[in-house]
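1. Here is a sequence with its predicted model. Questions after.
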Amino acid sequence: MRVKLTVAYDGTNYHGWQIQNNALSVEEVLTGALRELLGEEIELAGASRTDAGVHALGNVAVFDTDTRIPSEKIAIAVNQRLPEDIRVMRSEEVPHSFHPRYCASRKTYEYQITNAEIQQPVKRLYSHFVYIPLNVERMKETAQYFRGEHDFGGFCSAGSQVRSTVRRIYDLQIFQEGEDIRIRITGNGFLYNMVRIIAGTLIEIGMGRREPESVCQALRQADRGLAGPTAPARGLRLMQIEYEENRQEYRDDH
């Protein structure tokens, strides 16, 4: 059977999701725990290859197994073999045709900012500290330019190997609660460091270092030099991945 896992993790101690030759990854630890539990050579296929230091509340992965353990019980069993910073939130059987990267989906990320004079130590691993006061209304005004389908080549780090840099952003909203600012973005896929570059651009606009309309030029020319810096990984978390039923879309989404 094919089993789908919904996985949450604190990415602080890991070099991203994907297995690396010389660094510890979430995928490596989870694969090892599943192999120990099931006594099989398990191969995971993950939906989103989150970068080093990025967190997740709802990443998705699948694997095939001959186990007789009910699919819904695998989450509880494997969690007993995982470190405290990785948890399988749900396990369920899915059709063999389901693949987390190729089935059409909507991914939602959040970027967390702490905007204060002094950083709270308990937030240092989970938000990006900015001491310069941010104009959140300017940031909200800018959000409209990202929505819709665009060529996001200017919001992608070098090294991304994809057939197309065109992506669709369904929604981008910015919320403020006291010193905490959240950038919430939903799209059909994201390029390498795309969300962090969008966040870095919005932060510079909030600081007054660039104008909201500058985003239009960066999108129109697909020029990385026209967008803002890449915001640090610790502020980013993958919130959820929603799959559309009875439809597949093959592409190189990150």
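-> That came in fine, so what should we check first?
2. if I read this right, G208 contacts L134, doesn't it?
-> No. Applying CB atoms under 8 Å, one finds G208 not in contact with L134, separated by 9.1 Å. C-beta: built from backbone N, CA, C; applies to glycine.
3. So which of those two has more stuff around it?
-> L134 (20 against 12; other CB atoms under 10 Å).
4. Provide the secondary structure category for that one.
-> At L134 the chain is in coil, as set by DSSP: H, G, I helix; E, B strand; the rest coil.
5. Which residue comes closest to it once chain neighbours are left out?
-> Excluding the flanking residues, the one nearest L134 by CB to CB, 6 or more residues apart in numbering is G206, at 3.5 Å.
6. show me what contacts the one you found?
-> Listed by CB atoms under 8 Å, 6 or more residues apart in numbering, the contact set of G206 reads L134, N135, V136, R138, M139.
7. need the contact list for the second one.
-> Going by CB under 8 Å, 6+ apart, N135 touches I205, G206, M207, G208.
8. What is the neighbour count of P229?
-> Neighbours around P229, by other CB under 10 Å: 12.
9. quick one: common contacting residues for G208 and L134?
-> Joint contacts of G208 and L134 (CB under 8 Å, 6+ apart) do not exist.
10. about what we covered before: how close does the residue nearest to L134 get to Q120?
-> 19 Å (CB to CB, to the nearest Å).
11. How about L34?
-> Distance check for L34 against Q120: by CB to CB, it reads 36 Å.
12. again with V60
-> 31 Å.
13. between those two, which one's more packed in?
-> Higher neighbour count among V60 and Q120: V60, with 26 against 12, using other CB under 10 Å.
14. right, and the more buried one touches P100 too?
-> Yes. With contacts counted by CB under 8 Å, V60 reaches P100, the gap being 4.5 Å.
15. Now the common contact residues for those two.
-> Counting by CB under 8 Å, 6+ apart, the residues touching both V60 and P100 are K4, G46, A47, I241.
16. Check which residues of the helix or strand harbouring M139 are buried.
-> Using DSSP states H and E, M139 maps to helix 136-146. Buried positions in helix 136-146, judged by neighbour count with 16 or more other CB atoms under 10 Å: V136, R138, M139, K140, T142, A143, Y145, F146.
17. okay if I get these as JSON lines plus distance to S164 and pLDDT?
-> Converted to JSON lines, the buried residues of helix 136-146 look like this (distance: CB to CB, whole Å; pLDDT from 0 to 100):
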{"residue": "V136", "distance to S164": "32", "pLDDT": "97"}
{"residue": "R138", "distance to S164": "31", "pLDDT": "96"}
{"residue": "M139", "distance to S164": "28", "pLDDT": "97"}
{"residue": "K140", "distance to S164": "29", "pLDDT": "97"}
{"residue": "T142", "distance to S164": "24", "pLDDT": "96"}
{"residue": "A143", "distance to S164": "23", "pLDDT": "95"}
{"residue": "Y145", "distance to S164": "20", "pLDDT": "96"}
{"residue": "F146", "distance to S164": "17", "pLDDT": "96"}
